[in-house]
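Colleague: Would you be able to build a 3D model of this:
(one chain, ligands or ions: 1)
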Amino acid sequence: MISIRPFNEGDNQRMLEIERLCPQGDENCAMGVDKKDIIARYKMYDNWNVLVAEKDGKVAGWIGLTLKTTPEQKEKCAYITEVMVDPAFQRAGIATNLIKEAEKKAQETEAVYAYCYIYEPNKASRALFEKMGYSEMRGIKFPVISTYKKMDVPPEYSIKPVDTKKIDDAVALINEYNSGFVHFMPFKGQTFESHLKLVPSYGPENFWIVRDKNNKIAACAGLWDSSKLANLYYAREPAAMKVMKSVFEALSHVTKVPKFPAEGEHFKVYYIVDYAFNKKQPDAMLALLKHLNNISIDRRQDFLMAMTDPEDAFLAVIKKLKPQTETWNVFARSFEGNLPAFSPFYVDIRDMIP
Ligand SMILES: CC(C)(COP(=O)(O)OP(=O)(O)OC[C@H]1O[C@@H](n2cnc3c(N)ncnc32)[C@H](O)[C@@H]1OP(=O)(O)O)[C@@H](O)C(=O)NCCC(=O)NCCS
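Modeller: Residues are numbered from 1 along each chain as shown. The predicted structure is shown next:
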């Protein structure tokens, strides 16, 4: 018998155990997520709900969701953060029941649609959500740069951590850059400062401003170390990556080479977040990315990653640094009427924790 009930603190250990058994992907490529506290990520949202499924008295899986208000339509929508089922209990309809229950909760709070992200190789999750009536809305790009060699930063730009007294400049740039992006909620000076402080291991000291020769703001971006909330690793590493790893290992005796983590090894990664630039000055964003590359090396990180809409001008800039790019697809289902457009789509940094 399957029963569904609210999460309680006593579930944490068992849920962590299930998450370790549940890499997201297929037999060729799967991403593992290692956390110390399942609920820590939820505390970044002002509301959340986690429902736990029990089979014969044992925790078998769970689903998490948070309710958001979309700035465009002022409608409510539910973001399904995750759904996990212990492999010993899979293909018995548990995820289906959890999704139905989560949708019921979302509708009770007047959400008009639900959305989630699915890692491209995660065929099981895609099949599950398609069967539940969800459609693929957008392929969000996930460029990853290996940070292993310092880069020259062009001297015509000044790059400094934000002076919080002048935070409004950055806020204006971010708001202008993201205007027209679906789900983007414009910031005010105060809301941006609280956002910097609310996200664990972020803060104003990790947010940089680029000024041009005329002292005008030309670009900005933050670095977020999300490892306190979750570490990522390849539970199954793609074969091509294993080949590259052995090639670069041979080369590492003569030159600096990018890092390819072994299967099961945590990525040492910072997310590039809250980026924006004056579209007439893409070189200012490139200069900042080079600066962030150097910071990543100084702080002994191996990668910088971002999540961006495929039409985001940022993608063309970061491509100059030759990233590996993966895709996470946004899936959504309407509870009433048609789904809104999802392009171009703004990625809420809190949703970047898989
Ligand atoms: C994806 C996942 C949650 C499915 O859980 P589940 O309880 O086994 O799912 P259900 O039994 O409700 O399956 C419903 C339907 O989804 C599809 N589906 C589920 N798992 C599938 C698989 N491995 N391969 C293909 N289709 C699958 C099928 O259409 C299935 O219906 P069927 O069994 O009648 O064919 C589970 O495989 C899992 O925890 N995976 C690892 C974690 C993960 O990727 N979570 C999603 C991202 S957060």
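
Colleague: Now do the contacts for E101.
Modeller: I4, L51, I63 (CB atoms under 8 Å, 6 or more residues apart in numbering). (Each C-beta comes from the backbone N, C-alpha and C, glycine too.)

Colleague: ok, the second one - contacts?
Modeller: The contact partners of L51, by CB under 8 Å, 6+ apart, come to I4, R5, P6, F7, W62, I63, G64, L98, E101, A102, K105.

Colleague: Start and end of stretch 210-220, how far apart?
Modeller: Its first and final residues considered, stretch 210-220 spans 6 Å by CA to CA, to the nearest Å.

Colleague: and of the contacts of E101, the nearest to the ligand?
Modeller: Set against the ligand, the nearest of these by CB to the nearest ligand atom is I63 (8.7 Å).

Colleague: neighbours around the residue nearest to the closest one when sequence neighbours are not counted, how many?
Modeller: Leaving out its chain neighbours, the residue that sits closest to I63 by CB to CB, 6 or more residues apart in numbering is L98, at 3.9 Å. Neighbour count for L98, taken as other CB atoms under 10 Å: 25.

Colleague: May I have whichever strand or helix holds L98 exported as CSV, CA atoms only?
Modeller: Using DSSP states H and E, L98 falls within helix 94-108. Listed next in CSV are the C-alpha coordinates belonging to helix 94-108 (Å, rounded to 0.1, in the frame of the first residue of the first chain):
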residue,chain,number,x,y,z
ILE,A,94,4.9,5.9,-6.9
ALA,A,95,6.2,8.9,-8.8
THR,A,96,2.9,9.1,-10.7
ASN,A,97,1.0,9.3,-7.3
LEU,A,98,3.5,11.9,-5.9
ILE,A,99,3.1,14.1,-9.0
LYS,A,100,-0.7,13.9,-8.8
GLU,A,101,-0.7,14.8,-5.1
ALA,A,102,1.7,17.7,-5.7
GLU,A,103,-0.4,19.0,-8.5
LYS,A,104,-3.5,18.8,-6.2
LYS,A,105,-1.7,20.9,-3.6
ALA,A,106,-0.6,23.4,-6.3
GLN,A,107,-4.1,23.7,-7.6
GLU,A,108,-5.5,24.2,-4.0
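
Colleague: close to the ligand, is that helix?
Modeller: Yes - residues of helix 94-108 contacting the ligand under CB under 6 Å from any ligand atom: I94, A95, T96.

Colleague: Which of those ranks first by neighbour count?
Modeller: Result: A95 is most packed of those (other CB under 10 Å), 25 neighbours.

Colleague: from memory that residue sits against V83, does it?
Modeller: Yes - using CB atoms under 8 Å, A95 is in contact with V83, at 5.2 Å.

Colleague: what residues does the helix or strand of the chain with the lowest mean pLDDT touch?
Modeller: Sorting the helices and strands of the chain by mean pLDDT, DSSP states H and E puts helix 239-251 at the bottom, at a mean of 87. Residues outside helix 239-251 that contact it (CB under 8 Å, 6+ apart): N28, Y234, V257, P258, F260, A262.

Colleague: repeat that for 7 Å
Modeller: Here helix 239-251 makes contact (CB atoms under 7 Å, 6 or more residues apart in numbering) with N28, V257, P258, F260.

Colleague: Buried ones in it, by neighbour count?
Modeller: Neighbour-count burial for helix 239-251 flags K245, F248 (criterion: 16 or more other CB atoms under 10 Å).

Colleague: now do stretch 270-285
Modeller: 270-278, 281-285.

Colleague: what's the average pLDDT for that stretch?
Modeller: Across stretch 270-285, pLDDT averages out at 98.

Colleague: Now the nearest residue to K320 once chain neighbours are set aside: phi and psi?
Modeller: Distance criterion CB to CB, 6+ apart; nearest residue to K320, sequence neighbours excluded, is L286 at 6.0 Å. Per-residue torsions, L286: phi -60, psi -40 (degrees, to the nearest 10).

Colleague: shouldn't L286 be in contact with I318?
Modeller: No - using CB atoms under 7 Å, L286 and I318 do not qualify as a contacting pair, with a distance of 8.5 Å.

Colleague: Flag every residue of the stretch 51-200 of the chain that's near the ligand.
Modeller: Residues of the stretch 51-200 of the chain lying near the ligand (CB under 6 Å from any ligand atom): 82-85, 90-96, 122-125, 127-128, 131.

Colleague: So which of the residues you listed are in helices?
Modeller: Using DSSP state H to define helices, the subset of those located there is I94, A95, T96, K123, A124, S125, A127, L128, K131.

Colleague: Could you verify my assumption that the second one touches F129?
Modeller: Right, A95. No - if you go by CB under 7 Å, A95 and F129 don't touch, sitting 9.3 Å apart.

Colleague: M137 - how many residues pack around it?
Modeller: For M137, the number of neighbouring residues by other CB under 10 Å comes to 20.

Colleague: ok, back up a step: kindly present the contacts of L51 as a markdown table, with separate columns for pLDDT.
Modeller: Compiled in a markdown table, the contacts of L51 are given as follows (pLDDT from 0 to 100):
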| residue | pLDDT |
| --- | --- |
| I4 | 98 |
| R5 | 98 |
| P6 | 98 |
| F7 | 98 |
| W62 | 98 |
| I63 | 98 |
| G64 | 98 |
| L98 | 98 |
| E101 | 98 |
| A102 | 98 |
| K105 | 97 |
